[in-house]
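[1] I would like the atomic coordinates for the input below:
(one chain, ligands or ions: 2)
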Amino acid sequence: MSPTVTILGIESTCDETSAALLVGGRELVTNVIYSQIEEHKKYHGVVPELASRAHAAKIAAVVKEALGERPLDYVAFASGPGLPGGLMVGRVAAETLARFKQVPLIGVNHLEGHLFACDFEGNQAQERLQFPLVALVVSGGHTELWYVKGYGQYKVLGRTRDDAAGEAFDKVAKLLGLAYPGGPQVSKQALTGRRDAIAFPRPLLPGTWEFSFSGIKTAVSYYLRDHQSISIPDVCASFEQAMVDTLVTKTLLAARAYKVKHIAVGGGVAANALLRQHMQERGAKEGIRVRFVERKLSSDNAAMIALCAYKKLQYAEQTGKPLPANINIDPNMKVRNWGGKE
Ligand code: KG4
Ligand code: ZN
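    Ligands and ions are numbered 1, 2, ... in the order given. Reported below is the predicted structural model:
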């Protein structure tokens, strides 16, 4: 592969329309992100129909801004999981561009993108992710725990049975009358609250690596129903602590069970400062190194899609194996191995 291989990534699975240009796997020339937050704010969550329309309206301008007049070797896009309308817009844009430029098209799993975003720290040479590791992918639509033996070698340990962690933050914010997206708002309120004010549950579900967050959210709604005067900062601080304790405890248990010394955390909720602090501190006590995605690449963006495509191309080149195109969109796409057996 040429050291200047140029990949244009496209991301449109949820409520960000994004395109990014990655050169040589390291140099992120552009990462244009159009966020639809303003469109969805008044509904306190993503409205799929509005999302599809906004993607369709913005994608051409976003791609144009990211690519400019530069040459191109590959187009990569997020083919799932995600909202069907957004996925279709992304696929059509990616395929049109690939045909027009006569370059190959590569489909990428959005959740794998969140993991690969942890492997990028700017334009300088950096320490690579170290395997085996336990990955926590924690976003508004998904919460998954993986054992990762190497690039493209996954064993999914568990997913959430109900709400994703980010969704729980968003729903609690809505209950409290805070703006969407709820995670950053809850965190901000929590700064002045007491973390031990209210004993919300920590659902650890022993015997499985699955998560369940709807119980914490329901406990918050019962607390609000049963108390006349409440302190929003105390509710936020106690809720955030319960979420973080649950995520950290479960991830560290998995790292211990699988005897790994590395953890990677990606996805929108990875921006949470309390999660970052507790995972790092508790990990360090067990000799485990925790790699968090840098904040600016934590929420949905196309750089992570281009990065994932780059890793796949590198693997195909090193092994001589053909690269599965993976271009069929799938709203419920599960992570699949492409780097050998798990
Ligand atoms: O990865 P992402 O941008 O989109 C999905 O793929 O879902 O994640 C968005 C989610 C939202 O639920 C948002 O509330 C949450 O990430 N989030 C946070 C924080 N920043 C964003 N949750 C907790 N604390 C934060 N600081
Ligand atoms: Zn995401």
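[2] need the contact list for the closest residue to Pro84 other than its chain neighbours.
    In space, Pro84 comes closest to Pro331 once its chain neighbours are excluded; the distance is 4.9 Å by C-beta to C-beta, 6 or more residues apart in numbering. Every residue, glycine included, has its C-beta placed from N, CA and C. Applying C-beta atoms under 8 Å, 6 or more residues apart in numbering, one finds that Pro331 lies in contact with 80-84, 87.
[3] Repeat that for Thr192.
    Neighbouring residues of Thr192 by C-beta under 8 Å, 6+ apart: 233, 237.
[4] now swap in Ala98 and tell me
    Going by C-beta under 8 Å, 6+ apart, Ala98 touches 74-75, 104-105.
[5] ok, now with 10 Å
    Contacts for Ala98 (C-beta atoms under 10 Å, 6 or more residues apart in numbering) come out as 8, 72, 74-77, 104-106, 327.
[6] now Asn272
    By C-beta under 10 Å, 6+ apart, the contact set of Asn272 is 138, 165-166, 169, 183-184, 186-187, 190, 240, 243-244, 247, 265, 278-279, 292, 295, 298.
[7] give me that answer again for 8 Å
    Applying C-beta under 8 Å, 6+ apart, the residues contacting Asn272 are 183, 187, 240, 244.
[8] Ramachandran angles for it?
    Asn272 adopts backbone torsions of phi -70, psi 120, taken as degrees, to the nearest 10.
[9] Mind pulling up the pLDDT for it?
    At Asn272, the pLDDT value in this model is 98.
[10] Tell me if the worst-scoring helix or strand of the chain on mean pLDDT is near ligand 1.
    Least confident helix or strand of the chain, by mean pLDDT, DSSP states H and E, is helix 37-40 with a mean of 90. No - with C-beta under 6 Å from any ligand atom as the criterion, ligand 1 is not reached by helix 37-40; the gap is at least 9.9 Å.
[11] Give me the buried positions along that helix.
    His40 (16 or more other C-beta atoms under 10 Å).
[12] Now do the helix or strand just after that helix, average pLDDT.
    Counting by DSSP states H and E, the element after helix 37-40 in chain order, helix or strand, is helix 48-67. Per-residue pLDDT values over helix 48-67 give a mean of 96.
[13] Extract the C-alpha trace of helix 48-67 and format it as PDB.
    Extracted C-alpha coordinates of helix 48-67, given in PDB (Å, rounded to 0.1, in the frame of the first residue of the first chain):
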ATOM      1  CA  PRO A  48     -35.200   9.100  12.400                       C
ATOM      2  CA  GLU A  49     -37.200  10.800   9.700                       C
ATOM      3  CA  LEU A  50     -35.700  14.200  10.500                       C
ATOM      4  CA  ALA A  51     -32.200  12.600  10.600                       C
ATOM      5  CA  SER A  52     -32.600  11.000   7.100                       C
ATOM      6  CA  ARG A  53     -33.700  14.300   5.600                       C
ATOM      7  CA  ALA A  54     -30.900  16.200   7.200                       C
ATOM      8  CA  HIS A  55     -28.300  13.700   6.000                       C
ATOM      9  CA  ALA A  56     -29.700  13.900   2.500                       C
ATOM     10  CA  ALA A  57     -29.600  17.700   2.600                       C
ATOM     11  CA  LYS A  58     -26.000  18.000   4.000                       C
ATOM     12  CA  ILE A  59     -24.100  15.000   2.700                       C
ATOM     13  CA  ALA A  60     -22.900  16.500  -0.600                       C
ATOM     14  CA  ALA A  61     -21.600  19.700   0.900                       C
ATOM     15  CA  VAL A  62     -19.900  17.800   3.800                       C
ATOM     16  CA  VAL A  63     -18.200  15.400   1.300                       C
ATOM     17  CA  LYS A  64     -17.200  18.300  -0.900                       C
ATOM     18  CA  GLU A  65     -15.700  20.200   2.000                       C
ATOM     19  CA  ALA A  66     -13.800  17.200   3.300                       C
ATOM     20  CA  LEU A  67     -12.400  16.100  -0.100                       C
END
